[in-house]
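Chemist: give me a 3D structure for the following:
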Amino acid sequence: MGKAYQKTLGRAVVITGSGLHSGRPVRMEVRPAVGGNGIHFYRTDIDSQINRVPAIWSNVVQEPLNTRLVNGSGVSIATVEHLMAAFAGLGVSNADVYVSGPEIPILDGSSREFVQAFLWAGIVETSAPLQVIEILKTVTVERGCARATLSPADRLSISFEIDFDAAAIGHQRASFSMENGQFLRQMADCRTFCLKTDIEKMHDAGLALGGTYDNAVVFDGSEVVTPGGLRRSDEPVRHKMLDALGDLALAGAPIVGA
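Modeler: Predicted coordinates for the structure are as follows:
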């Protein structure tokens, strides 16, 4: 095998939309970056001396229903997981993302439109060699009834299992290798979802203020309320895998493990 190199975009792309939780309009420009740069967010509505937020695990803050990054000056960027999943799924490890507000646009609730924009821009190699994080021993984290495990493997694969009381979701599990375009084929178009009974609670907490049937799948018991129904019969578990891929992309380098 030849030496692998880090990748970036071939040209800049502009994406507009609204924030899922803030409901505010947002303009985002994703620009190519040199090898070794990593992924950085820049808040264009904030002074340029403090507006850079690196996409790295140490900047993550605990927050419900989205992944938010905060820099040392307290400047934050929220709901980065679907965009980060698009970067990871396409092997893009270097980009500068300029955002006009505190949140990434939700678009259709998946990574599909980000992926389409990046493929239009082209994916190109940089001169920097690719470095990875290889999992050498199994690590497990548990919180309540939730459990996450990383184990040694010769490539990145994701296995996920969910269990919801809502009959339309129920118990779902899926497993995919993340090689050879599997992200594009298996999960890039899978949308975020919620239960209809939770919408009022989220609004009362100041969350999902920009949520609509166009950017989320809404379930009510055994019914799919969103017009057009599901894109895949197990769309919820595949979206959770998408979220996980986006969060793992904050490790600082691609992960080799299960």
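Chemist: how deep is the closest residue to residue 135 other than its chain neighbours tucked in, by neighbour count?
Modeler: Excluding its sequence neighbours, the residue lying closest to residue 135 (C-beta to C-beta, 6 or more residues apart in numbering) is residue 257, at 3.0 Å. Backbone N, C-alpha and C define where each C-beta goes, glycine included. Residue 257 has 21 neighbours, counted by other C-beta atoms under 10 Å.
Chemist: and for residue 155?
Modeler: Residue 155 has 12 neighbours, counted by other C-beta under 10 Å.
Chemist: show the pLDDT at it.
Modeler: Residue 155 carries a pLDDT value of 95.
Chemist: that's a helix at it, yeah?
Modeler: No: with DSSP: H, G, I helix; E, B strand; the rest coil as the criterion, residue 155 is located in coil rather than a helix.
Chemist: list the contacts for it?
Modeler: 177-179, 256 (C-beta atoms under 8 Å, 6 or more residues apart in numbering).
Chemist: can you rerun that using 6 Å?
Modeler: Residues in contact with residue 155, defined by C-beta atoms under 6 Å, 6 or more residues apart in numbering, are residue 179.
Chemist: just residue 110 next, same as before
Modeler: Contact partners of residue 110, counting by C-beta under 6 Å, 6+ apart, are 189-191.
Chemist: quick one: those residues as a markdown table, columns for neighbour count, pLDDT and distance to residue 5 too.
Modeler: A markdown table is the format used below for the contacts of residue 110 (neighbours: other C-beta atoms under 10 Å; pLDDT from 0 to 100; distance: C-beta to C-beta, whole Å):
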| residue | neighbour count | pLDDT | distance to residue 5 |
| --- | --- | --- | --- |
| 189 | 21 | 98 | 28 |
| 190 | 26 | 98 | 29 |
| 191 | 25 | 96 | 33 |
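Chemist: turn those residues into CSV, columns for secondary structure.
Modeler: As requested, those are arranged in CSV below (three-state DSSP):
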residue, secondary structure
189, coil
190, coil
191, coil
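Chemist: please, where are all the helices along this protein?
Modeler: Applying DSSP state H to the chain gives helices spanning 81-90, 112-121, 182-186, 196-204, 235-248.
Chemist: which one of these has the lowest average pLDDT?
Modeler: Lowest mean pLDDT of the helices of the chain: helix 196-204, a mean of 76.
Chemist: if you count neighbours, what's buried in that one?
Modeler: Residues of helix 196-204 classed as buried: 199, 202 (neighbour count, 16 or more other C-beta atoms under 10 Å).
Chemist: now do it: distance to the chain's middle.
Modeler: Averaged C-alpha coordinates place helix 196-204 at 22 Å from its chain's average position (C-alpha atoms, centre = their mean, to the nearest Å).
Chemist: can I get it in CSV, CA atoms only?
Modeler: Provided in CSV are the C-alpha atoms of helix 196-204 (Å, rounded to 0.1, in the frame of the first residue of the first chain):
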residue,chain,number,x,y,z
LYS,A,196,-44.0,14.0,19.4
THR,A,197,-44.6,13.9,23.2
ASP,A,198,-41.1,15.4,23.8
ILE,A,199,-41.5,18.4,21.5
GLU,A,200,-43.2,20.7,24.1
LYS,A,201,-40.6,19.7,26.7
MET,A,202,-37.8,20.6,24.4
HIS,A,203,-39.4,23.9,23.5
ASP,A,204,-39.8,24.7,27.2
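Chemist: that helix packs against which elements?
Modeler: Contact partners of helix 196-204 among helices and strands, from 3 or more C-beta pairs under 6 Å, 6 or more residues apart in numbering; DSSP states H and E: none.
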